[in-house]
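**Student:** Predicted structure and sequence below. I'll ask about it afterward.
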Amino acid sequence: MEKRFLDLVSRLLLNSKSSDRDIAKKIKASQPTVGRMRRKLEDEKIISEYTVIPDLSKLDIELISLIAVKWSDYKKTRELKKFESFIQKNDLVFFSAPGEGFQDKTKLIISLHRDYKSYELFLRGLRANFADVVGEMETFLVSTDNIIKNFTYQGLANTLRKQK
């Protein structure tokens with residue numbers, strides 16, 4: 001990716017509220033050029049949304065769960081699509097993707113919960129709807145009171161700036 005686009009993305013990662021005018025000054029481009037660059041990044045889905053990164057504990061989110069799932073039968077494509085739809089539509093799910101690891105687990109789900117009961121009901125929903133295709137699940141719970149480093153894109157922004 002071109003240097004100016006990397007610079008624009010890194011600046012937006014650090015502060016998505018930055019105006020095109022402010023960014024233009026910093027990357028030594030005109031404001032209309034920055035606007036066109038931003039639209040191109042959005043059109044190409046390099047940037048899919050602008051968001052804030054809240055302090056979860058101050059929003060009464062007590063738990064972050066990491067759930068590693070072993071899918072038992074990839075021939076059951078209808079069930080796989082149903083599972084993916086369930087995950088995509090679930091507001092508790094922060095992130096999910098297929099992958100490899102954790103003793104042959106093939107899916108990772110990261111979900112956010114107000115309390116243990118919310119987490120427990122989420123797991124019950126997974127088990128009830130997908131018991132015949134989810135072979136195993138392992139979970140790891142994190143209390144939002146003990147976060148060492150919060151979700152942030154500052155490290156990615158710094159990495160992109162170093163690529164210049």
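**Tutor:** Cool, the structure landed. Residues are numbered from 1 along each chain as shown.

**Student:** which stretches of the chain form strands?
**Tutor:** Assigned by DSSP state E, the strands in the chain fall at 63-71, 93-101, 105-113, 134-143.

**Student:** could you redo the ones you listed as JSON lines and give each row mean pLDDT and mean neighbour count?
**Tutor:** To be clear about C-beta, it is placed using only N, CA and C from the backbone, and glycine gets the same treatment. Listed next are these as JSON lines, based on pLDDT from 0 to 100; neighbours: other C-beta atoms under 10 Å:
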{"stretch": "strand 63-71", "mean pLDDT": "95", "mean neighbour count": "19"}
{"stretch": "strand 93-101", "mean pLDDT": "94", "mean neighbour count": "13"}
{"stretch": "strand 105-113", "mean pLDDT": "96", "mean neighbour count": "19"}
{"stretch": "strand 134-143", "mean pLDDT": "93", "mean neighbour count": "14"}
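
**Student:** among those, which is nearest residue 7?
**Tutor:** strand 93-101 (26.3 Å; C-beta to C-beta).

**Student:** What pairs with the closest one, parallel or antiparallel?
**Tutor:** strand 105-113 (antiparallel) (DSSP bridges).

**Student:** mind giving me JSON lines with the strands of the chain and columns for distance to residue 20?
**Tutor:** Below are the strands of the chain laid out as JSON lines (distance: least, C-beta to C-beta, whole Å):
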{"stretch": "strand 63-71", "distance to residue 20": "34"}
{"stretch": "strand 93-101", "distance to residue 20": "29"}
{"stretch": "strand 105-113", "distance to residue 20": "32"}
{"stretch": "strand 134-143", "distance to residue 20": "37"}
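
**Student:** Which of the ones you listed sits closest to residue 31?
**Tutor:** So among the strands of the chain, strand 93-101 is nearest, using C-beta to C-beta, at 34.0 Å.

**Student:** how about the strands of the chain, which one is nearest residue 6?
**Tutor:** strand 93-101 (23.4 Å).

**Student:** on that earlier part again, of the strands of the chain, which is nearest residue 36?
**Tutor:** Using C-beta to C-beta, the nearest of those to residue 36 is strand 93-101, at 30.6 Å.
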